[in-house]
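Engineer: Fold the following.
(chains A and B)
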2 protein chains.
Amino acid sequence: MTNHKTDWTPIIKKFVAIVGKNGVVQRREELLTYECDGLASYRQRPAVVVLPRTTEQVSEVLKICDRYSIPWVARGAGTGLSGGALPIEDGVLIVTALMKGILDIDLENQRIVVQPGLINNWVTQAVSGAGFYYAPDPSSQIICSIGGNVAENSGGVHCLKYGVTTNHVMGLKLVLPDGSIVDVGGSVQEMPGYDLTGLFVGSEGTLGIATEITLRILKRPESICVLLADFTSIEAAGTAVTDIIGAGIIPAGMEMMDNLSINAVEDVVATGCYPRDAGAILLVELDGLKVEVDTNKRRVAQLCKQNGARNITTARDEETRLKLWKGRKAAFAAAGKISPNYFVQDGVIPRTELAGVLREIEALSEKSGYTIANVFHAGDGNLHPLILYDEKVPGALEEVENVGGEILKLCVKAGGSISGEHGIGADKNCFMPDMFTYTDLETMKWVNQVFNPKGLANPGKVFPTPRTCGEAANAGKTTEFESIERF
Amino acid sequence: MTNHKTDWTPIIKKFVAIVGKNGVVQRREELLTYECDGLASYRQRPAVVVLPRTTEQVSEVLKICDRYSIPWVARGAGTGLSGGALPIEDGVLIVTALMKGILDIDLENQRIVVQPGLINNWVTQAVSGAGFYYAPDPSSQIICSIGGNVAENSGGVHCLKYGVTTNHVMGLKLVLPDGSIVDVGGSVQEMPGYDLTGLFVGSEGTLGIATEITLRILKRPESICVLLADFTSIEAAGTAVTDIIGAGIIPAGMEMMDNLSINAVEDVVATGCYPRDAGAILLVELDGLKVEVDTNKRRVAQLCKQNGARNITTARDEETRLKLWKGRKAAFAAAGKISPNYFVQDGVIPRTELAGVLREIEALSEKSGYTIANVFHAGDGNLHPLILYDEKVPGALEEVENVGGEILKLCVKAGGSISGEHGIGADKNCFMPDMFTYTDLETMKWVNQVFNPKGLANPGKVFPTPRTCGEAANAGKTTEFESIERF
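Structural biologist: Presented below is the predicted three-dimensional model:
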């Protein structure tokens, strides 16, 4: 990027002129907060943090970066788990935390326009009085930002039925790396021309910054019900999942936890609901009309019974329903209590491969000596294995990252994907060549170059680079990845 | 594109070497078939038609085009209504009619892999024995091809609940204009990197040719029911639509026909079901579990009654259900019987604007003296006004195209879109500047240039060009649109 050390004085002066003194952070100790996102094992301190408030300010800031060829990274709430918001040393971190406005609510047409720094859960809060909600619900929804969700195309428990973020973004106001402001998509679903909205969602901050986001909001279902089924083995639970989907039932969410996760959760949160001797539990949430939910509840219960479920319980009231979910939602935190550290992986497999891949993960756990807990979105085959370790043991993190890499390779081998919802970021770009051919990646890179010709937008993320791959444990697998000249 | 007259002899020899003699059409009278697609008012004869059978053959053909800088157009079944498959004189037309294979069916994971020439309806036929179907159902579904559906991001009656083509395409094997073969998307929903699948769907043949298409198939619902409600005015029917959606009911389809369409249909098809004195009828299809359909049927009927519906009928059996739909499906053909010619427009408005925009269309009809029948996907605000005219009257087509253009401007003014499902093609590129700013269009153009640097893939489509816009009636509105140099 920049080969020389940047002279920041004139640049920071310009930033202050755009966003004011309070919008620029440059004191060393204050910059500490911004060193990493949720992937805390990667840290880098940016030269300066800028906090714009408007589209125009974002545009002016990017024009300065473009003029001085300064690399930059955009950051929402910094809860991402793949290092997508990892700053660049000698670069700018653009933080959207002050852009939390709701710009428009149109209940009749079921849409809301928000700024990128708005917290995911606040969208639902803004419309719930009128009976609406925003469907994508990452676990971090009470702290993560919509802008970050758009960048990473975030998923969540309810994405089985309702789809991930991209299915709920109707339009975007974008600031491109050269500072130009572009509108993509719109307020109706059907728009002619290229689907640049879809292209931008999930592009992990490498194509520009979304400053206004039009989201689709949904009507709250009349009835919601959650079933908890316990099985003696994870395979039996896996077959129940396949049978439920095979019967044409699409639950709002369908989550699985293995014995280790169950006990971790009961140790820490003590829900009292999860049987400690179960091989696996399945949480199945159904929503819709009351008659529909009642019918499907009976069908799901029967399919679970047919697959050997020992007990099937359901919540009669809202309080019990939330209690049934509480353990699932606390699973990652619980892993952090029973082990000094844990590494959460994110991969996808075709649902039908669940049992086989879980067996292979168990074999990996035995071979490596690291305990692996499995908590995941079973309905769409989105695995979240938690590898438990102690960072004080020399070499442990590296070994665990290797095990995590092996799990991703299992996912690819099974016809799946190296990321379900956490993104590639700085963490998984080395695995992209396991999933895509050189030509496939080059095609994505072409698109990047057209939006980001100077390579200033979030460099080092998504695409494999010799540097990052050289550092990774699986370096042998990847070869130098440089874009070919096409024109 | 090509400034000189091409010497076709060596090129055709090469095409024959790739696809065989039977795969090349060059006799003048045989080329006639390929002069236009469903938009028959635009005709151009290609220099040669090539019919490849495999991805490799498509790749070899495009390499020849690339080497000789020959513009080309891809064509499926040629049923498109926006001239997207209009050939280029002195260019190649690549027809996928021989690529009708089904390459893989995976029922458990609900996906099917097909070649682009496969007829839409055949997908459903291939999986219906096992209880599955393919959701997007354009009116032309018994003759249109999946490749064409992908190019135009086709919709249909059931897209209100199930989404348009892009929501059902999981992955694509693409041949890019330089002949390179790229895989985008995959067999699981969640894929990292840029969503090039979404970018490609709806790109109207301007980025490459899809040669293998992975589609999502759905489980047939347990129960389907159609309600027919008749209203004394189109406004009342429009308010009923808003109320139904507002109640959180998402019908599988919700179609409206005005008095003129009703009578045209009864004159021609004589369903006997549609009341000739109704101001408008609403056809509401509900699907799902039987209990769910029964409940929603009662709710929809009540909401229609509240909005002044005189009669609400429903089909007790499959035969009656098909009869209720028959008139709607025959509406375009019926217009062709009651008038020498008709011009079908395709625009979208936010559902809440229905009544107002329909009134303005009526005013346009009175002002222009042309009768306009309204038949449309009311649930998603996708209008299909049919403007009746006689092409033998000098100047009539031009006047009708003007009226069609005015309707599109009404749609844009109401916050909608100039195309719901027919695409832009050669027909509407002049209206793109009514909908997008120069910068928005430039951004799309950048993406085009990266895939299609020589401009050989379907030139003159989607993007406004001085030539086509100079010919259009609304030429005054658009200015020369040439891509800026960015690097």
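Engineer: Would you mind giving both backbone torsions of the closest residue to residue A:277 other than its chain neighbours?
Structural biologist: Distances taken as C-beta to C-beta, 6 or more residues apart in numbering or on different chains place residue A:259 nearest to residue A:277, at 7.8 Å, with adjacent residues excluded. C-betas here are computed from N, CA, C, even on glycine. Backbone torsions for residue A:259, taken as degrees, to the nearest 10, come to phi -60, psi -40.
Engineer: One more: residue A:43?
Structural biologist: phi -140, psi 140.
Engineer: So it versus chain B, what's the distance?
Structural biologist: 23 Å (C-beta to the nearest C-beta, to the nearest Å).
Engineer: That residue touches residue A:35, doesn't it?
Structural biologist: Yes. If you go by C-beta atoms under 8 Å, residue A:43 and residue A:35 touch, sitting 4.4 Å apart.
Engineer: quick one: residue A:404 is in a helix?
Structural biologist: Yes. Per DSSP: H, G, I helix; E, B strand; the rest coil, residue A:404 lies within a helix segment.
Engineer: ok, it - contacts?
Structural biologist: If you count contacts by C-beta atoms under 8 Å, 6 or more residues apart in numbering or on different chains, residue A:404 has them with A:343, A:345, A:385, A:387.
Engineer: For those, give me CSV that also has pLDDT.
Structural biologist: Formatted as CSV, the contacts of residue A:404 follow (pLDDT from 0 to 100):
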residue, pLDDT
A:343, 92
A:345, 94
A:385, 95
A:387, 96
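Engineer: Now do the domain split for chain A, please.
Structural biologist: Split into domains by the TED database, chain A comes to A:6-93, A:100-217, A:221-412.
Engineer: How far does the longest one stretch from one end to the other?
Structural biologist: Using C-alpha to C-alpha, to the nearest Å, the gap from the first to the last residue of domain A:221-412 comes to 36 Å.
Engineer: how many neighbours does the residue nearest to residue A:277 have?
Structural biologist: 20 (other C-beta atoms under 10 Å in any protein chain shown).
Engineer: any idea how far it lies from residue A:373?
Structural biologist: Taking C-beta to C-beta, to the nearest Å as the measure, residue A:259 falls 9 Å from residue A:373.
Engineer: got it, and residue A:7?
Structural biologist: To residue A:373, residue A:7 is 50 Å away according to C-beta to C-beta.
Engineer: Repeat that for residue A:383.
Structural biologist: Remark: distance between residue A:383 and residue A:373 (C-beta to C-beta) = 11 Å.
Engineer: same thing with residue A:194?
Structural biologist: Separation of residue A:194 from residue A:373 (C-beta to C-beta) stands at 42 Å.
Engineer: and if you look at residue A:149?
Structural biologist: Taken as C-beta to C-beta, the span from residue A:149 to residue A:373 is 26 Å.
Engineer: So which of the two has more stuff around it?
Structural biologist: residue A:149 (36 against 27).
Engineer: residues contacting the residue nearest the centre of chain A?
Structural biologist: By C-alpha atoms, centre = their mean, chain A has its centre lying nearest to residue A:422, at 3.0 Å. Neighbouring residues of residue A:422 by C-beta under 8 Å, 6+ apart: A:80, A:81, A:82, A:152, A:346.
Engineer: Read off the pLDDT value for it.
Structural biologist: pLDDT recorded at residue A:422 is 92.
Engineer: repeat for residue A:470
Structural biologist: At residue A:470, the model reports a pLDDT of 44.
Engineer: and if you look at the one 3 residues further on?
Structural biologist: Note on residue A:473: pLDDT of 34.
Engineer: count of neighbours near residue A:459?
Structural biologist: By the criterion of other C-beta under 10 Å, residue A:459 has 18 neighbours.
Engineer: was I right about it contacting residue A:71?
Structural biologist: Yes. Applying C-beta under 8 Å as the test, residue A:459 and residue A:71 come out as touching, 5.1 Å apart.
Engineer: Fine by me, we can end here.
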